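Asks: Pasting the sequence and the predicted coordinates here, then a few questions.
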Amino acid sequence: MTGTQTWKTLDDMDLAGKRVLVRVDINVPVEDGKVTDTTRIERITATVDDIQEAGGKVILMAHFGRPKGQVVPEMSLEHIAPAVADVLGLPVTFVDSDYVDAVAEMDDDEVLLLENLRFNPGEEKNDEGFAKRLASLADIYVNDAFSAAHRAHASTEAIARLLPSCAGRLMAEELGALEKALGTPERPLVAVVGGAKVSTKLDLLGNLVGKCDYLVIGGGMANTFLAAQGMDVGKSLCEHDLADTARDILEKAKAAGCEIVLPRDVVVAREFKAGAANEVVAPDACPADAMILDAGPDTVTYISEVFAGAKTLVWNGPLGAFEIEPFDRATNAAAGVAAALTDAGNLISVAGGGDTVAALNQAGVADNFSYISTAGGAFLEWMEGKELPGVAALSA
């Protein structure tokens, strides 16, 4: 994606009297046969409501878990159907296999929910035959599952070439937010990248140093960068074998005019447990028998200054071991600053990734960010600058 939107939305389609096949993400947590968190279902309501208001008939298709092309009864979407009906406030009919008859007989206000797409081996193989079978059910295809857009599957890629296609409300919202954040951002642009390992985010760091004005590195990743500069990080989580890579990233950032923000002070402890005795030291003063578990207060102060001067913030990953107190302090404090600046209208803030969402919820500020992406892999690949097959197919 560049600065121009090349995909259509529901507003560009004539939906009256049409059967509309909608790819959604309702891969929700289930315990003892009951859905425990309906957030992902709630996020599809705008698309379903708008299609019905425009006179279209809604057929939902989705995956659930990883059945790997086999029928796994406990991964049937039949378990999810009651929760979908409850959240949508509409009659939802689960369709096991006889798609054609169910579509022919459906009422205007009825929503069909097809069985788990991944029960069919053709789904993950992006099989055109399976895509054609799905496409035969409808007049229009809508992709509202950004979280599955980085996969070239039959329901996200092949089908978009067989029917008039567009993005659903959630997909359009997600793409719009990410375009604002990384496509054509207001500057200065700051990225926060945290997490345990540099090795899992090499593509991300490589892409961001060429795009950002500031790149804040936190978590275990920061230790690798500190060690690469000759600092002793004691028993800290650190990928010493990536020292050359870290130095290369630092050089690339310098050449691109991107300031890399590393910890100016660190919180160290001898034990990885809640409430462990800890102290704040300079980054080059970690005791040999201790480990770095968070960024210190001076670091948070500087990050806050960087945020205050920024216009756009993209956040992926915590600054420390946020899961356990008191090593969540830097993440919570920095998130609070970003939230306050966003509330004041001074910052566009976009965050995504599982740990990030958990950390921002824990800090109590998730609702204050401009946009929170629940898409893990797709969000990361977007930040890495990769083309997402499910988005590219809509643009074709």
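Replies: Alright, I've got the coordinates.
Asks: pretty sure residue 382 is touching residue 182, no?
Replies: Yes: contact criterion Cβ atoms under 8 Å: residue 382 and residue 182 qualify, at 7.2 Å. Any C-beta I mention is one placed from the backbone N, CA and C, and that applies to glycine too.
Asks: Please say which of these two ends up with more neighbours.
Replies: Using other Cβ atoms under 10 Å as the criterion, residue 382 and residue 182 rank with residue 382 on top: 29 against 21.
Asks: Quick check: pLDDT value at that one.
Replies: At residue 382, the pLDDT value in this model is 88.
Asks: Which helix or which strand is home to it?
Replies: helix 376-383 (DSSP states H and E).
Asks: contact partners of that helix?
Replies: 146-150, 178, 182, 191, 201, 204, 207-208, 314, 316, 352-354, 373, 388, 390 (Cβ atoms under 8 Å, 6 or more residues apart in numbering).
Asks: Write the PyMOL selection for whichever of those residues are buried.
Replies: PyMOL command restricting those to the buried ones, with burial defined by 16 or more other Cβ atoms under 10 Å:
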select buried, resi 146+147+148+149+150+178+182+191+201+204+207+208+314+316+352+353+373+388+390
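Asks: Return the subset of the contacts of helix 376-383 lying in helices.
Replies: 178, 204, 207-208, 354, 390 (DSSP state H).
Asks: Flag whichever of these scores worst on pLDDT.
Replies: Minimum confidence in the ones in helices among the contacts of helix 376-383 sits at residue 354, scoring 73.
Asks: how much space between the closest residue to residue 204 other than its chain neighbours and residue 209?
Replies: Residue nearest to residue 204 in three dimensions, not counting chain neighbours: residue 384, with 4.9 Å by Cβ to Cβ, 6 or more residues apart in numbering. As judged by Cβ to Cβ, to the nearest Å, residue 384 and residue 209 stand 12 Å apart.
Asks: More neighbours: which of these two?
Replies: Neighbours were counted for residue 384 and for residue 209 using other Cβ under 10 Å; residue 209 has more, 22 against 16.
Asks: That one: what's it in contact with?
Replies: By Cβ under 8 Å, 6+ apart, the residues touching residue 209 are 215, 249, 252-253, 256, 258, 260.
Asks: quick one, phi psi at it?
Replies: Per-residue torsions, residue 209: phi -60, psi -20 (degrees, to the nearest 10).
Asks: ditto for residue 58
Replies: Taking degrees, to the nearest 10 as the convention, residue 58 sits at phi -100, psi 130.
Asks: Could you count how many residues lie near it?
Replies: Around residue 58 there are 29 residues (other Cβ under 10 Å).
Asks: Is it in contact with residue 114, as I believe?
Replies: No: judged on Cβ under 8 Å, residue 58 makes no contact with residue 114 at a distance of 11.4 Å.
Asks: now the end-to-end length of stretch 101-115.
Replies: Start and end residues of stretch 101-115 are separated by 14 Å (Cα to Cα, to the nearest Å).
Asks: How about it, which residues are buried there?
Replies: For stretch 101-115, by 16+ other Cβ under 10 Å, it's 102-103, 106, 110-115.
Asks: One more: stretch 305-324?
Replies: So for stretch 305-324, counting by 16+ other Cβ under 10 Å, buried means 306-307, 310, 312-322, 324.
Asks: The residues you listed: which two are farthest apart?
Replies: The distance between the two most remote of the buried residues of stretch 305-324 (Cβ to Cβ) is 30.7 Å, for 312 and 324.
Asks: Quick check: closest non-adjacent residue to residue 231.
Replies: residue 284 (4.4 Å).
Asks: Against residue 230, how distant is the one you found?
Replies: 8 Å.
Asks: Those two - which one has more neighbours?
Replies: More crowded of residue 284 and residue 230, by other Cβ under 10 Å: residue 284, with 12 against 8.
Asks: looking at it, that one is touching residue 232, isn't it?
Replies: Yes: between residue 284 and residue 232 a contact is recorded at 7.1 Å, counting by Cβ under 8 Å.
Asks: residue ranges for the strands of the stretch 1-150 of the chain, please.
Replies: 19-23, 30-31, 34-35, 57-61, 92-95, 111-114, 140-143 (DSSP state E, counting those that start in this stretch).
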